[in-house]
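1. next one to model:
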Amino acid sequence: MVCTVQHPRRPLTVGFDLDMTLVDSRPGIAAAYRALAAETGAFIDVDLVVSRIGPPLETELAHWFPAARVPAVADRYRAIYPDCAIAPATALAGAREAVAVVRELGGRAIVVTAKHEPNAKLHLAHLGIEPDTVIGQLWAEAKGEALREYGAQVYVGDHTGDVRGARAAGALSVAVTTGPCGAAELRAAGADVVLADLTGFPAWLSAFEADRDAEEEPVG
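-> Numbers count the residues shown, from 1 in each chain. Below you'll find the predicted structure:
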């Protein structure tokens, strides 16, 4: 007689970062910062800004504006962003396929990003990338809160802050080197898997799900 031991199996949920993971937002962010500099008269090294995309907007603005001005300037940046930054952005290689494969495997894809949520949704709609849920304005360990809430087993990002978010949630950290952090830095931060870009993600995720299915086989 074979006894079957049943283990509760969570539905597949995969989280994705937005900037430099799914979307190459550098041209649009550069345009928004140039517009902000022209409007405020502040000097902003735009090339430096786009070389370190990832942390919250306020963190970057603090390099260019006095602390007392940062909240108001952040509000203004977010207001001008839709007109400056959406159209120039492009989907990174494999982004659409990475989100689609989650659904093909019966799971749900969520985007958890430090970006202002309405602007994140504009990017995704413009590029035809359709996650199930978008959660904005969370960074590093705070991303872990949303990932835990949605039961994500995997979080995909390009920054060491994304690795920290995955680890805070107890999720597998899949890192891509399309952003400001190199493979060695991502591994040192604790990434479980490092890919050059998202083109290899569908095959990796299919194997990951096959392993999960194997774990559900009856035990005699």
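2. list of residues touching the host helix or strand of A98?
-> Element membership for A98 (DSSP states H and E) is helix 95-104. Residues outside helix 95-104 that contact it (Cβ atoms under 8 Å, 6 or more residues apart in numbering) are 12, 14, 16, 21-23, 108-109, 127-131, 156, 198-199, 201-202, 205-206. Bear in mind the C-beta positions are built from the backbone N, C-alpha and C, glycine included.
3. any of the residues you listed buried? List them.
-> The neighbour-count test (16 or more other Cβ atoms under 10 Å) marks 12, 14, 16, 21-23, 108-109, 127, 129, 131, 156, 198, 201-202, 205 as buried among the contacts of helix 95-104.
4. let's see which of those residues end up in helices.
-> 127, 201-202, 205 (DSSP state H).
5. farthest pair within the residues you listed?
-> L127 and L205 (20.2 Å; Cβ to Cβ).
6. contacting residues for the residue nearest to F208 when sequence neighbours are not counted?
-> Nearest residue to F208 in three dimensions, chain neighbours excluded: V154, at 7.1 Å (Cβ to Cβ, 6 or more residues apart in numbering). V154 makes contacts with 13-15, 166, 171-172, 174, 205, 208, as judged by Cβ under 8 Å, 6+ apart.
7. how far away is P202 from K143?
-> 23 Å (Cβ to Cβ, to the nearest Å).
8. should've said T40
-> 30 Å.
9. higher neighbour count, the two?
-> More neighbours surround K143 than the other of T40 and K143, with 27 against 16 (other Cβ atoms under 10 Å).
10. pretty sure that one is in a strand, no?
-> No: applying DSSP: H, G, I helix; E, B strand; the rest coil, one finds K143 to be helix, outside a strand.
11. for the residue nearest to A183 when sequence neighbours are not counted, which three-state class applies?
-> Spatial nearest neighbour of A183, excluding adjacent residues (Cβ to Cβ, 6+ apart): V194 at 4.9 Å. When classified by three-state DSSP, V194 comes out as strand.
12. can you find the helix or strand of this structure with the lowest average pLDDT?
-> Lowest on mean pLDDT, DSSP states H and E among the helices and strands of the chain sits helix 201-215, with a mean of 92.
13. the inter-axis angle of it versus helix 95-104?
-> 20 degrees (axes from the mean of the first three to the mean of the last three Cα atoms, to 10 degrees).
14. which parts of helix 201-215 are buried?
-> So helix 201-215, judged by 16+ other Cβ under 10 Å, has buried residues 201-202, 204-205, 208-209.
15. what's the closest of the residues you listed to P71?
-> F201 (36.7 Å).
16. quick check: the closest one touching V193?
-> No: F201 lies out of contact with V193 (Cβ atoms under 8 Å); the separation is 9.3 Å.
17. any residues in contact with both of those two?
-> Counting by Cβ under 8 Å, 6+ apart, the residues touching both F201 and V193 are V174.
18. now the end-to-end length of stretch 105-114.
-> 27 Å (Cα to Cα, to the nearest Å).
19. which residues sit against it?
-> Counting by Cβ under 8 Å, 6+ apart, 11-19, 22, 54-57, 99, 102-103, 120, 124, 131-139, 143, 146-147, 150, 152, 155, 161, 165, 205-206, 209 sit against stretch 105-114.
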